[in-house]
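Novice: can you look at this prediction? I've put the sequence above it.
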Amino acid sequence: MPTFRIDPNPTFAVTVAVPRAGGEAVEVPFTFKFLDREQLAEHFDRKHEHQKALAELVQTGASVREVTAAAMERQVETLQGIVTAWGFEDEFSEEALRAFVRTSAAAPEAVIRAFEQGYEPARLGN
């Protein structure tokens, strides 16, 4: 009989294809915090609230710069809550995370999407 622990590992690893402008995506390992169902629901609630807030900014006539700044702050906040380590040469820190978000438009969302997809096989199997 297979062994199964009810208490899951506190982290899980996923290799993320991190997009690069003008180049091929780079495969980078990320270690994510495991979130239980309630914590995962909170993650998605926050994501939904952030999306609503960004849409409201656009509707009020905010500049692209203002919307981008708000989106980047949301991405940093989200990544701080889910990433514990990464395979970049730069050590994982708030400063490095902010630089990662600032230097790539598509990469932060690719990492967030990979985290969320890490739960799909488990969800589909139940």
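Specialist: Thanks, I have the structure now. Numbers count the residues shown, from 1 in each chain.
Novice: show me where pLDDT drops low in this structure?
Specialist: Low-confidence segments of the chain, defined by pLDDT under 70, span residues 1-2, 121-126.
Novice: quick one, strands of it?
Specialist: All strands of the chain, identified by DSSP state E, fall at 11-20, 23-33, 83-86.
Novice: so the second one versus strand 11-20, what angle?
Specialist: Per axes from the mean of the first three to the mean of the last three Cα atoms, to 10 degrees, the angle that strand 23-33 makes with strand 11-20 is 160 degrees.
Novice: give me the helices and strands touching strand 23-33, please.
Specialist: Judged by 3 or more Cβ pairs under 8 Å, 6 or more residues apart in numbering; DSSP states H and E, strand 23-33 is in contact with strand 11-20, helix 64-82, strand 83-86, helix 107-117. The C-beta positions use only the backbone N, C-alpha and C, and glycine is treated the same way.
Novice: can I get these in CSV with distance to Ala55 and mean neighbour count?
Specialist: Formatted as CSV, the helices and strands packed on strand 23-33 follow (distance: least, Cβ to Cβ, whole Å; neighbours: other Cβ atoms under 10 Å):
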stretch, distance to Ala55, mean neighbour count
strand 11-20, 24, 15
helix 64-82, 10, 15
strand 83-86, 26, 17
helix 107-117, 16, 18
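Novice: make CSV out of the ones you listed and add distance to Lys47.
Specialist: Shown next, in CSV, are the helices and strands packed on strand 23-33 (distance: least, Cβ to Cβ, whole Å):
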stretch, distance to Lys47
strand 11-20, 17
helix 64-82, 7
strand 83-86, 15
helix 107-117, 8
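Novice: nearest to Arg46, of those?
Specialist: helix 64-82 (7.3 Å; Cβ to Cβ).
Novice: what angle separates the closest one from helix 107-117?
Specialist: 40 degrees.
Novice: and the gap between the nearest residue to Ala62 once chain neighbours are set aside and His43?
Specialist: Counting by Cβ to Cβ, 6 or more residues apart in numbering, Ala62 lies nearest to Ala70, which is 7.9 Å off, once chain neighbours are set aside. Here Ala70 is placed at a distance of 18 Å from His43 (Cβ to Cβ, to the nearest Å).
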